[in-house]
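S.K.: can you look at this prediction? I've put the sequence above it.
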Amino acid sequence: MTDAAESSPDLNFTRVPEVGCAPIGSAAEIRLAQLWESAPGWRGWLSTVDHKEIGLRYLVTAFIFLLMGGIEALIMRVQLASPNQTLLTPEQYSQLFTMHGVTMIFLYSLPILSGFSNYLWPLMLGSRDMAFPRLNALSYWIFLFAGIFLYSSFPLGEAPNAGWFNYVPFSGLEYNTGPNIDVYALGMVLLGISTTVGAINFVVTLFRMRAPGMSIERVPILVWGTLTASVANIFAIPSVSLAFFLLWLDRQVGTHFFDVVNGGKPLLWQHLFWMFGHPWVYAVVLPAMGIVSDALPTFCRRPLVGYSAVALSTMATMLLGFGVWIHHMFATGLPTLALSFFGAASMVISIPSAVAVFAWIATIWLGRPVFNTPFLFFAGFVLLFVIGGLSGVMTAAVPLDFQLNETYFIVAHLHYVLLGINVFPVIGGIYYWFPKFFGRMMNETLGKWSFWVMFIGFNLGFFPMHVAGLLGMPRRIYTYAPNMGWSTVNMVTSVGSFVFAAGILIFLVNIVVSLKRGVLAAPNPWDAPTLEWATPSPPPAYNFAVIPFIASRHPLWEDRLDEGAGRSSLERGYLLMEGRETIGTTPLDAIPDIILKMPEDSYTPFFVGLFSALAFTGLLLHWGGFTVLMALACSLSLIVWMWPRTALVQRAPYIKQDTGAVHG
Amino acid sequence: MNDYESRFRHCVAGKYAFFSMALAAEPTSATLAENGVAPLNYFLHSYGPASTPTMYLGWVFVALLAAIFVIIALLLAGAIFHKRPAEDPRPIGREDEGMPWIYIGTGVSTCILFALTIYTLVTLNVIAKPIDAPALTLTVTGYDWWWKVEYEDDDPTRRFVTANEIHIPVGVPVLVKLKSADVIHAFWVPMLAGKTQMIPGLTNQQWLQADTEGVYRGQCTQYCGVQHAHMGLEVVAQSNAEFRKWQDAQRRSAVTASVTGIDAGKQLFLDRCAGCHTIRGTEAVGAHAPDLTHLKSRRLIAGGLLTNTPDHLVKWITHTQDLKPGARMPSVELTPTEISSLSAFLSTLY
């Protein structure tokens, strides 16, 4: 028994949960399974609030969006492979590059990380679910519906077409009369709801749902990354939702926020967008960096070097990230003094990244690397991270950015950042946690092939874009003349992009093959240190039969690390099986202070999501009555959702009672 | 050549003598594209004090960052492949080792970044404005998808308007005021200066200077709609005498009255084109499209898409929407007779 567990009993509590063991097959374990499993069939599918199910849905949905965005990119690469091609009309090209950006930035890069975090957080933190399971389900459903909403106008040839940062007045009604931009504006406000409720859920989960003893300095770096990203999103999303809402008002109600003729300011859009946009860039890389910080040590057979430094640098990056949005606007004619400040701040932001890079290299150097597929992806990631970071330093230099801005150099930089720092860790992460997700190992041979094809294809495709940018090729041009000197680099880029796509295809084949024929996985096939590997593969619905007590950062390596700290107790812990229950702990020291009653499965999140998406559809199509009806239906669903129920009373009345006779 | 330029060259000459000589040796009198140089290649080519310090900054950054990349890549390779003792003393490494990596690595990175930041800010200050007062001021207004160019003068009768081709005298700073008539564009002549957005409702400005005679390509770099790709311009830097000659010619109205045999074409222009285009000296005063008073004096047409030959001009007028889909100008349907009379008229617009 650990210190934390001994300190937990508190006279204020009216019920102290029983401590015990619940091995697989015991009566207690069977009862837990009955309590937590969702109903079979479509009813369970629609109503489940299991974070693992929701996490997997996030992963699968976001990956499908990645494939769609990728196909859009490949079509564009055919168009640009040689000069003066006419495969696409200019308007088709505009819609393709806009949807490619919207898809990758909003529908893939954050949702895929939310997928990992949703699945892994409770397992890593020793909890039975997220803090707000129904909110979690709602977050997924709205994400799905917002994605469908944003794509709904694509087949009609009316997709968003003003680039993903959608500058006014080009996106205003005067220059963009179709529904294209309304789809984008409403879709983004809808998606913002999903991201915001998801972020709140992560923050509360971190501070209240950790297993006893998992004090704040013992949580995995992925948790730090997602926490930082979530806090940032809570502050950043309002800015972009506001921007898109104001734009929608300008377009549909006739307000003048961005309307120059009536005193509106186009620059306001750029500020609002990038005040969101820059923190967002960090929100979609910090959790991915966390994946590497947590998984790389497993393959180096040693803990991460400089845990505290890496955790602090994660937060420092985000704090600085709120102060550098102007570096997207160096060419807008702002005063030199202001540019100097923001340029210098943009340089400083690479210092925390340096901390992480040297921590990873030191971890590999001091460890004994095992060359499994995930390790290859993480080591490759470090190299791409460095390239993306260094090209970022170039764009932070104001005079250079006057040249580099809006050229292919920026395209190269942002793809090294988003593919290098997001896609490579994500694929590595899928190889790493696949056995936990599905109980089977992924194929190593195909895995290594997929890495090398992706890595070579990626660099072949995207490195020449730097050169195209230095040769002066602007972004977002649908074709170019042969005498501009860009023909060779574009052909190489197009070839590389198809090689990269082939690597993704090998990865997909590997998924399908491994799902069917992969070797069955033990609970901890990689001999990893963190708590999620203490559960069976795949984990049962209740995650942990008993809530464990945690004594260190590496509960599964304690015997071998021999750091002199206490031992975590994984087999014996709080039983908590009077309904769906888990333990709530204090924010910093994780001392248990409450029994949390977790909600049952419910259809309401699905219906709230569906009706709100339909209400937005009504707004788009100017169906006033329909919109009101859907808003009412949405409110009704919320009332059903929120209806007070005695079973969910979380704390027993403050009176002396015998343990066990609590809630009612 | 002003003394700013020579001072600048002195202070960097030691470091970059090799590159500067390589640059000086380049022929620049004709268009750069004709010499096999990518016309927007600002990384290796710069011809004025508003962009040359940035070019050197770029070289220093690329050299230094490439070196850093190589060092980190070698460290990573070393970390992966360095020899380890065959006997494993511990099954799992200790957590508290390795901090010097972070201290040294981050410390060195911070010092390098600090130096780069200083160099960057000094460069920014140098290119922020010219040392001498601008010798010429002009206003460029972005339109979908072409550029209106207005030459200012204290005497209103000496002001004039042209499009898509900017002439400047060599060796003196030129102030360019930047406006937009519709959406956001960005003015960029990379071999002479960095880019600046043209934002509706605002007047931005930048300066540029060409120290070598030649033709410098420019391009819109802010996505502004379907024909963003075909929104080019050219800056022609010429000797002071040639520039004055050009300027005087541009100030004149078109002389159409004295030329015979163009009445049919002129009437056709007034009927079909004058709603948008202006030809000074005629009744054509449209303001939505390029001023065509001295159309034949320009090197390119259609926002830099085509060279200005009679064939291209006819093709452009009759097949506008095929050549530049989405352009504001319609494809004009003309009979062969109409084509030849319109061509005859346009060919007088020197």
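M.R.: Sure, I can see it.

S.K.: of all of the stretch 101-250 of chain A, which residue lies closest to chain B?
M.R.: residue A:170 (4.0 Å; C-beta to the nearest C-beta). Backbone N, C-alpha and C define where each C-beta goes, glycine included.

S.K.: which residue packs closest to that residue, ignoring adjacent ones?
M.R.: Distances taken as C-beta to C-beta, 6 or more residues apart in numbering or on different chains put residue B:183 closest to residue A:170, at 4.0 Å, once the chain neighbours are dropped.

S.K.: tell me the residue of the stretch 101-250 of chain B that sits nearest chain A?
M.R.: residue B:194 (2.4 Å).

S.K.: how near is residue A:438 to chain B?
M.R.: 27 Å (C-beta to the nearest C-beta, to the nearest Å).

S.K.: for that residue, the count of nearby residues, please.
M.R.: Using other C-beta atoms under 10 Å in any protein chain shown, residue A:438 has 17 other residues around it.

S.K.: check residue A:560 too.
M.R.: Residue A:560 has 15 nearby residues by other C-beta under 10 Å.

S.K.: which element is it on?
M.R.: helix A:558-561 (DSSP states H and E).

S.K.: quick one: distance of that helix to the chain centre.
M.R.: 32 Å (C-alpha atoms, centre = their mean, to the nearest Å).

S.K.: packing partners of the helix or strand that that helix is followed by?
M.R.: Counting by DSSP H and E, the element after helix A:558-561 in chain order, helix or strand, is strand A:569-574. Contact partners of strand A:569-574 among helices and strands, from 3 or more C-beta pairs under 8 Å, 6 or more residues apart in numbering or on different chains; DSSP states H and E: strand A:19-21, strand A:547-549.

S.K.: quick one: strand A:569-574 to chain centroid distance?
M.R.: Using C-alpha atoms, centre = their mean, the offset of strand A:569-574 from its chain centre is 31 Å.

S.K.: buried residues in it?
M.R.: By neighbour count on 16 or more other C-beta atoms under 10 Å in any protein chain shown, the buried set for strand A:569-574 is A:569, A:570, A:573, A:574.

S.K.: and if you look at stretch B:244-252?
M.R.: B:246, B:247, B:250, B:251.

S.K.: which outside residues touch that stretch?
M.R.: B:151, B:158, B:160, B:162, B:167, B:169, B:236, B:238, B:293, B:294, B:297, B:350 (C-beta atoms under 8 Å, 6 or more residues apart in numbering or on different chains).

S.K.: of these, buried ones?
M.R.: For these, buried by 16+ other C-beta under 10 Å: B:151, B:160, B:162, B:167, B:169, B:236, B:238, B:293, B:294.

S.K.: in those residues, find the pair that's most separated.
M.R.: B:169 and B:293 (21.3 Å; C-beta to C-beta).

S.K.: what's the host helix or strand of residue A:453 packed up against?
M.R.: Using DSSP H and E, residue A:453 sits within helix A:444-470. The helices and strands touching helix A:444-470, judged by 3+ C-beta pairs under 8 Å, 6+ apart, are helix A:373-396, helix A:408-415, helix A:424-438, helix A:487-517.

S.K.: reformat those helices as JSON lines; add mean pLDDT.
M.R.: Listed next are these as JSON lines, based on pLDDT from 0 to 100:
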{"stretch": "helix A:373-396", "mean pLDDT": "96"}
{"stretch": "helix A:408-415", "mean pLDDT": "97"}
{"stretch": "helix A:424-438", "mean pLDDT": "97"}
{"stretch": "helix A:487-517", "mean pLDDT": "97"}
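
S.K.: okay then, goodbye and thanks.
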